[in-house]
Structure formats: C-alpha cells, structure tokens
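# Provide a 3D model corresponding to the input given below.
(chains A and B)
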Amino acid sequence: MRKHLILGAALLSATLPFFGLFRNSTFAQSRGTDIAVVVNADTPVTDLSLAEVRKVFLGDRQYWNAKLPVVLLMRAPATRERGVVLRVIYQMSEEQYKQYWVAKVYRSEVTGAPKVVYSDDMQYELVSAMPGAIATVDGRNVHPGVKIVRVDGMLPGERGYPLR
Amino acid sequence: MRRSLFFIAAMLFTASFARGQDAPATDQTEQIKALLARVELLEKQVAELKATRVASVGQAAPPAEATVNPPSAAQPPSGQTAQMPEHSGQLPQETMQQLETHYPSLQIRGFADADFSATDEKGANSGFNLGQFDLHIASALSPKIRYFAEITVNAHPQDYTIEMERSFIRYDYNDLFKISFGRFHTPIGYWNTAFHHGAWLQTTIDRPFQVKVGGTFTPLHFVGALAEGNIPSGGLGLGYNIGLGNGRGSLIARPGDAGDVNNNRAWVAKLFARPAKAYGLEVGSSFYRDKITLPVGAEYREWISSTYLVWTKGAPEFLAEFENVNHRNIFTSQVANSDAWYAQLAYRLPWFERSLKPYYRFEYTHMPLSEQVFAYQPQIESLAGLRYDISSFAAFKLEYRHFASHPAQGPNPAQPAANGAFVQTAFTF
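Below you'll find the predicted structure:
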C-alpha cells in the first residue's frame, strides 16, 4: 500500500506543475471577428446559452423537437470558424475533436460525426435548405436565408459575445 | 527484465520515428488553408459575376438582411430517403447526392491492438499478444431508428473466439426518450459504457479489475430493453438509463443471451449529471438488481450500487468509480459485500501537438471470505504509464504495474507482489 502511495504521489507531484503553467496557453490563439451561430429559418430556436450551443455541438442535444432532428454542419479544418468552435465550444484540439466523435459514434450515441462543409457558400445553401441545420459563419457578413441565433442573449458584434 | 526494458526502449524509438513520418501534417495544413482561401476567392468571383449579370438584366439584388426568412423548408420524410427540399436546386448535384441520407446507411469502424508484456510474476512468460479485434457496425434505418452491433474476435491459446458484444435496435422519440432492444453494455458506473472494447478509446492499456473483459465483478452485458434520455433540468444536465433484462446467466460472466436462467428479470437504473457550468464533469450513480441461479442450484439476490465522478477534458483527465456488490444467499440468508474502486489521473501535456499523456491509476478490490458467488480475488494495483498519440487514430502506450500482495486468508494462500512492464499499440480504422 505504501509503495502505491509513494508512486502515486511522485507522479502527481511531477504532473501538477503543468496544471497551472499551461492552463492559459492550452488554447492560446489569436482572437478576431465574431462567429455567428446560424440555423435554418424554420428551426424553432432564436436564443441559446453558450452551454446549450455546446450541448448541440457535442451531440448531446439531437432534436430541436420530436419531429425535427439537429443537423450539425462544421467547416473544414484550418478555417477560422472551425478554430473558434473548437476553442470556445468544444475546448478541444483538432485531434481531440476527431477522437471525440469516433468515441461518440462507438458509444452508439450518434450515427455519425457532423457533416463537413468546405466553403461559405455551400454552408449557407445547406443551412437554408436543410431543416434543423445549424452552422457557424463569419459574423460580419451573414447572408440572407438563415436565422442568426443569439448566444447568451447577444448577437455577433455586441460586447461580451462569447464566440470570437 | 533487462531484455524487456531494452525491447521497450526499441519500441519507443520506433514510435518516435513513426511520429516523425507524420511531420508533413503542418505542410498539409498549409495546403488546406491555401486551397480553402482559393475556394473563398473563387466563390467571391462567382458572386461578383452573378451580381454583374443581375445588374445587367436590370434586376434588384436580394436584400442583405441577416435574419430574413427563406422559402419554407419541409420536414424530411420518414420514408426511405431524406431528400433535400426542392428549392435547394442551386446546390451542385454531386453535393446534393452526398448530403442525402440513404436508408439503411451502413457504417463500419474497427478497433485493434497489439501488446507486449513482461512481469516478474512466478510462472508468467513475457511476450507479445494480440488484443481484441473489434468491429462496430452502425446503420440508420430511418431518421429515428438505428441499429448498432459490436463483434469481437479474441485470441486464445488454442483458437479464436467470436463474440457478439452488442446488438440492438434503437428508436429515438426525442432527446428525452430513446428505447432500445437487444444486447447492450450494462449501464453500471462509467467505464463500462464509455470505453466499451476498443483499447484505443481508453487512456490506459487495460481496464480496471471491476470491469475487466471476461470478469465477473460487474455484469458487463445486459440482454433486454433499455430506455434512456435527458431529463429537463436546466444547467444540471441530468440524464438517465433504465433497463429490464435477463440478468446474469448460469455462467455469471455472461448474460442470458439465449434465455434467462430463472423467471426473475434483472433491472438497472442509472442517473447522471453533466453540469453546464462545469463542462467536462460528469457524476452519476447506478443500481442493479438481479437473482442469480448458479449451475449447482444455489440462488442469490444480487444488489449492485455504483457511483462515479469523472472529468474528461484531458488536461487533466480524472476518473473515479466505486462499486459495491451485495450477495444474499436465498436459502441461508448469508450476506457478502464486495467492494471495488479505482481512481485514475491523466494529463495531456502541451508539447508535441499535445500527443503525450502521462497517467496513474490506483485500484483496490475487496472480497470477504463469505463471498460465495465470485472466486476469491482481492486486488491492489498501482499503474503508471504514458500514452503517445502517434496520429489522430493510433496510439502507443507504455505502462508499469505493481500488483500488491495480500496476506493468506482462510483457505486462500498469500499472493506475492509482482511488477510488470507493458506496451501496447492501439488504433481505430
């Protein structure tokens, strides 16, 4: 028992300094324009808290209502929208994000990862066309045909808006 | 032991070399960025051309309102194919075809691992062994009906065995109520339903004793019906699982796949919370009730209670579970309480693209001499290791374990302490 405690304590003491040292650098990325959360115009939602947005993007909320499933759209890797979503909503790296969805599918909680879209135009067209679709777009230039969701009661550009 | 250490060093060198093969990832990211920028540029040019064309024929451009309503979009039909609405004809045909969901839509994913172990345990040989080969099949049958299956191939000294680990159909009504029928992993505690059989999914090489594959402490599988969903609870993030099934078979490590061994159904209930304000935290408790009928005819009431607390964000990752198994002999009323718990701490280091994760786990299993259902196997184990994610879907793990001794108790001889070094490469494909 003593050996176990010594081994555990040694490992903990070796690891603990990293907790404080790198807490702030883990997701240190440059901040810029706000990212808007947009949904298909027929989706019965206008205002979500950041926690609710997270629940949707994590696949823990899969239905807007009993008849309307959530359709998650994610921008391709290396885009700004995806970077903000990973940093603020998922709080994961690109690899952790991939691993998260493999595990989620494997746990039978979902049948697949979010659909990947490769361009802004494609994303707008899909959100406009697909009932229940939700996506993130550049907040400076939101196209017609979609509905912007307030996050924590705020729209992109407003002070304190969390997705930037 | 020295040869084993040399081998492990060689494995680590190989791993670092293999990681080196991944170096062009940065170049690929740059290329993707450049391609995406080009796509954006081309889209802008197309938009400008369209605008010019519209202006030339004297038509007004659409209003630039951000929240305008598009043409109404119909719900996807619950038939064979979820078609895109008619008005989305502006999307390229290929894109439309790719995004349509066809039913049934079959997806297959696999997990496998290869291991090396060397211990100073008396009578144990060092060497390689093949881990479980695990196939996971998921198929959406309609927008709300899905089928899942998991099949493993397991290596044994004489042959391989094929095992149906999970096979169930699920109907989703909404987030609050989903019901499944078939064979599941029993929702007792956290590990058994979070990591299932793929070694790549878990941080460590092996599972804790209480949920070990082929073990008896926890009934890992459950044949019957299972309801699950979220509970409207605001920021508390409550969820539940409630199941009714056959319970343990006459071989208590197995569920009654081909029928129950008695007329008593087992039930399981689990309640958990994922608080919105503490993203990454999950706490839960579960209860399981069954009647065990052993081949010798003895019958026991089994009552399993379990509680857990996990923090899964990786920096740090913390898992802790406690489980109590109560057995009461129906004929003699003799009671035995066996306990097992573990605590595991890991931390994803910020270097090397956050691919390194050192970890430590302590686990403890207590079994009284009055226990009649389980074979006597108390455990105290400490393990420490390093997980190295060589890519997004493959990992190397290096682990040291110390199995503690326990003194002689009744007819059970003392078990000497042992140490071991273990290496695993686990991946998903």
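# rest of the way, CA atoms for contacts and neighbours
Noted.
# stretch A:151-162 and chain B in contact?
No - for stretch A:151-162, no contact with chain B is found by Cα under 8 Å from any Cα of the partner chain; the gap never falls below 11.0 Å.
# mind saving the C-alpha coords of that stretch as CSV?
What follows is stretch A:151-162 as a C-alpha-only set of coordinates in CSV (Å, rounded to 0.1, in the frame of the first residue of the first chain):
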residue,chain,number,x,y,z
VAL,A,151,-25.8,33.3,-27.8
ASP,A,152,-26.2,34.2,-24.1
GLY,A,153,-28.7,36.8,-25.3
MET,A,154,-26.2,38.5,-27.6
LEU,A,155,-25.7,38.9,-31.4
PRO,A,156,-22.3,38.9,-33.1
GLY,A,157,-20.6,42.3,-32.7
GLU,A,158,-22.2,43.0,-29.3
ARG,A,159,-20.0,43.5,-26.3
GLY,A,160,-19.4,40.2,-24.4
TYR,A,161,-20.4,38.0,-27.3
PRO,A,162,-18.7,34.7,-26.5
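# how close does residue B:243 sit to chain A?
16 Å (Cα to the nearest Cα, to the nearest Å).
# ok, that residue - how many residues close by?
By other Cα atoms under 10 Å in any protein chain shown, the residues close to residue B:243 number 23.
# equivalent analysis for residue A:146, please.
Neighbour number of residue A:146 under other Cα under 10 Å is 29.
# correct me, but it touches residue A:39?
Yes - contact criterion Cα atoms under 8 Å: residue A:146 and residue A:39 qualify, at 5.9 Å.
# quick one: end-to-end length of stretch B:312-319, please.
Stretch B:312-319 has an end-to-end distance of 8 Å (criterion: Cα to Cα, to the nearest Å).
# what does it rub up against?
A:19, B:280-281, B:308-311, B:342-349 (Cα atoms under 8 Å, 6 or more residues apart in numbering or on different chains).
# which among these gets closest to residue A:33?
residue B:280 (26.8 Å; Cα to Cα).
# in space, what's closest to the residue of the stretch 301-429 of chain B found nearest chain A - neighbours in sequence excluded?
Across the stretch 301-429 of chain B, the shortest distance to chain A (Cα to the nearest Cα) belongs to residue B:392, at 5.2 Å. Leaving out its chain neighbours, the residue that sits closest to residue B:392 by Cα to Cα, 6 or more residues apart in numbering or on different chains is residue A:95, at 5.2 Å.
# which parts of the helix or strand harbouring residue B:148 are buried?
In this assignment (DSSP states H and E), residue B:148 forms part of strand B:145-155. Across strand B:145-155, burial judged by 16 or more other Cα atoms under 10 Å in any protein chain shown covers B:145-153.
# same list (these) but as TSV, adding distance to chain A and pLDDT.
Conversion of the buried residues of strand B:145-155 to TSV gives the following (distance: Cα to the nearest Cα, whole Å; pLDDT from 0 to 100):
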residue	distance to chain A	pLDDT
B:145	10	93
B:146	8	93
B:147	9	94
B:148	7	94
B:149	9	95
B:150	9	95
B:151	12	96
B:152	14	95
B:153	17	96
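# nearest to residue A:80, of these?
Minimum distance to residue A:80 across the buried residues of strand B:145-155 is 33.8 Å, recorded for residue B:146 (Cα to Cα).
# doesn't residue B:107 make contact with the closest one?
No - if you go by Cα under 8 Å, residue B:146 and residue B:107 don't touch, sitting 11.3 Å apart.
# which neighbours do those two share?
By Cα under 8 Å, 6+ apart, the residues touching both residue B:146 and residue B:107 are B:138-139.
# off-centre distance for the helix or strand where residue B:137 lies?
Element membership for residue B:137, per DSSP H and E: strand B:133-142. Computed by Cα atoms, centre = their mean, to the nearest Å, the chain-centroid distance of strand B:133-142 equals 14 Å.
# so where's chain B uncertain?
Scanning chain B for pLDDT under 70 picks out B:1-39, B:44, B:46-48, B:50-100, B:405, B:407-408.
# quick one, helices of it?
Secondary structure of chain B, counting by DSSP state H: helices at B:2-20, B:25-56, B:93-99, B:191-194.
# buried set for stretch A:45-55?
A:47-55.
# which ones are touching the most centrally placed residue in chain B?
Centroid check for chain B by Cα atoms, centre = their mean gives residue B:195 as the closest residue, at 2.2 Å. The neighbours of residue B:195, taking Cα under 8 Å, 6+ apart as the test, are A:103, A:107, B:201-202.
# could you work out the most separated pair of those?
A:107 and B:202 (12.5 Å).
# who's in contact with the nearest residue to residue B:420 once chain neighbours are set aside?
Setting aside the residues directly before and after it, residue B:420 is nearest to residue B:119 in space (Cα to Cα, 6+ apart), at 3.9 Å. Contact analysis of residue B:119 by Cα under 8 Å, 6+ apart lists B:1, B:125-126, B:418-421.
# repeat that for residue A:151.
Residues counted as contacts of residue A:151 (Cα under 8 Å, 6+ apart) are A:37, A:47-50, A:53, A:161-162.
# now residue A:98
The contact partners of residue A:98, taken as Cα under 8 Å, 6+ apart, are residue B:392.
# could you grab the helix/strand/coil label for it?
Of the three states, residue A:98 takes helix according to DSSP: H, G, I helix; E, B strand; the rest coil.
# report pLDDT for it.
Note on residue A:98: pLDDT of 91.
# how far away is it from residue B:134?
Residue A:98 sits 19 Å away from residue B:134 when distances are taken as Cα to Cα.
# the residue of chain A found nearest chain B: neighbouring residues, count only.
Closest approach of chain A to chain B (Cα to the nearest Cα) occurs at residue A:145, with a separation of 4.3 Å. Counted with other Cα under 10 Å, residues neighbouring residue A:145 total 23.
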